[in-house]
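Q: need a structure here:
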Amino acid sequence: MKNISTFTSILACVFLLGCASTGDNLARETARTIGGLRPEQVTVSDVKRGVTSVSWVAKTPSGTYDCSADDMVRRVNAVKRDEK
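A: So this is what the prediction gives:
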């Protein structure tokens with residue numbers, strides 16, 4: 001019985017953490033990190049969720065960015081791609 005309770009608790013945590021990195025939240029945090037953008041100007045694609053991190057591609061009027069953050073999207077890193 002203890003194993004079922006532990007498994008259920010872990011499953012609930014994973015579900016709640018996954019909700020932290022929704023597309024809208026990623027767009028909002030990307031706009032905040034880059035600066036000078038509104039969230040609706042950011043298009044998020046190619047979202048990859050790991051156990052403790054998330055990565056995505058963000059297209060903006062100022063270019064395309066490769067982004068990553070911790071699982072709660074608190075520390076966002078956005079690197080602008082070279083566009084030739």
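Q: quick one: buried residues of stretch 43-62?
A: For stretch 43-62, burial by neighbour count (16 or more other C-beta atoms under 10 Å) applies to 44, 54-58, 60. The C-beta positions use only the backbone N, C-alpha and C, and glycine is treated the same way.
Q: can you name the two of the residues you listed that are farthest apart?
A: Greatest spatial distance among these (C-beta to C-beta): 54 and 60, at 18.0 Å.
Q: ok, back up a step: of all the buried residues of stretch 43-62, which comes closest to residue 71?
A: Nearest to residue 71, judged by C-beta to C-beta, of the buried residues of stretch 43-62 is residue 54 at 6.3 Å.
Q: Can you pull out the low-pLDDT segments for this structure?
A: Applying pLDDT under 70 to the chain flags the ranges 1-20.
Q: Strands along that one, start to end?
A: Taking DSSP state E as the test, the strands found in the chain are 43-49, 53-60, 63-70, 77-80.
Q: which residues are in contact with the third one?
A: The set of residues that contact strand 63-70 without belonging to it, under C-beta atoms under 8 Å, 6 or more residues apart in numbering, is 21, 26, 29-30, 33-34, 52-59, 75-81, 83.
Q: Lovely, talk soon.
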